[in-house]
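A.B. asks: next one to model:
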Amino acid sequence: MEKGKYIYYHCTHGKGRCEQGYVRQETLSDRLASVVEAVSLTKEDVEYLLSLVRRRHGQRYRQTIEWRQKLLARKEQLENLLKKAYEDKLEGRISEERWQRYDSEWSRELAVIEEELDKLERKPVPRWDDLDATFELLQMAPDLYRRQSDEERARLLNILVSNLILKGENAVPIYKKPFNYVVIGRETGNWLGERDSNPH
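C.D. replies: Numbers count the residues shown, from 1 in each chain. Here you go, the predicted model:
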């Protein structure tokens, strides 16, 4: 809404009547700058986080490889057991009833293993280019916000937050993932759930 030469914002009453008054665009833009600042990263932050993410991915990749090898070994063992039990049934060394029990039990386990192996094959691979671009955005965000038009600022904020709650002339953001982790990391030093002595 415009009043004279100034633009004002106010609550749209999406959940009923509220007492939130009008807020001038210039005032709100200044308040929203702090929303962007809260997720900004320094060059040192970016280098540290990239190394942390890649290290974690390396650890998980090794764990995945080890688990896959165990599954494949157990799969081969079960297939050999089934083959041997079937031969024993044909030769009369075990009864039909026992063979049916073995076949049912081991086939169920094989199905579970096949499903787990399929999940491992479909596990998403990290897109490092996207990650680099995200960190670059957070490094440049405050400067971008200062130089952009109001429309471009709104687009940037839409990338970072899912909602903004106005309390007086202050804006309380609800950050989208993974930006909420950046805010927590900056406040606590606990990046991605891992406390570290990194000063940034």
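A.B. asks: could you check how far the most centrally placed residue in the chain is from residue 47?
C.D. replies: The residue lying closest to the centre of the chain (CA atoms, centre = their mean) is residue 178, at 5.7 Å. Distance from residue 178 to residue 47, counting by CB to CB, to the nearest Å: 17 Å. Every residue, glycine included, has its C-beta placed from N, CA and C.
A.B. asks: who does the longest helix along the chain touch, helix- and strand-wise?
C.D. replies: Using DSSP state H, we find that the single longest helix of the chain is helix 43-90. On a contact count with 3 or more CB pairs under 8 Å, 6 or more residues apart in numbering; DSSP states H and E, helix 43-90 meets helix 96-121, helix 128-147, strand 190-191.
A.B. asks: picking that back up, what's the pLDDT at the residue nearest to the centre of the chain?
C.D. replies: On the pLDDT scale, residue 178 is placed at 75.
A.B. asks: skipping its backbone neighbours, what lies nearest it in space?
C.D. replies: Counting by CB to CB, 6 or more residues apart in numbering, residue 178 lies nearest to residue 134, which is 7.6 Å off, once chain neighbours are set aside.
A.B. asks: can you report how many residues neighbour residue 132?
C.D. replies: For residue 132, the tally of surrounding residues (other CB atoms under 10 Å) stands at 12.
A.B. asks: so where's the chain uncertain?
C.D. replies: Low-confidence segments of the chain, defined by pLDDT under 70: 1-30, 125-129, 166-170, 191-200.
A.B. asks: rewinding a little: ok now the longest helix of the chain, how far from the chain's centre?
C.D. replies: 22 Å (CA atoms, centre = their mean, to the nearest Å).
A.B. asks: so what's the residue count around residue 151?
C.D. replies: Neighbour number of residue 151 under other CB under 10 Å is 7.
A.B. asks: how about residue 172, phi and psi?
C.D. replies: phi -100, psi 110 (degrees, to the nearest 10).
A.B. asks: Three-state assignment for the closest residue to it other than its chain neighbours, please.
C.D. replies: Spatially, and ignoring its direct neighbours in sequence, residue 172 is nearest to residue 165 (4.4 Å; CB to CB, 6+ apart). With DSSP: H, G, I helix; E, B strand; the rest coil as the basis, the three-state label of residue 165 is strand.
A.B. asks: this completes my enquiry, with thanks.
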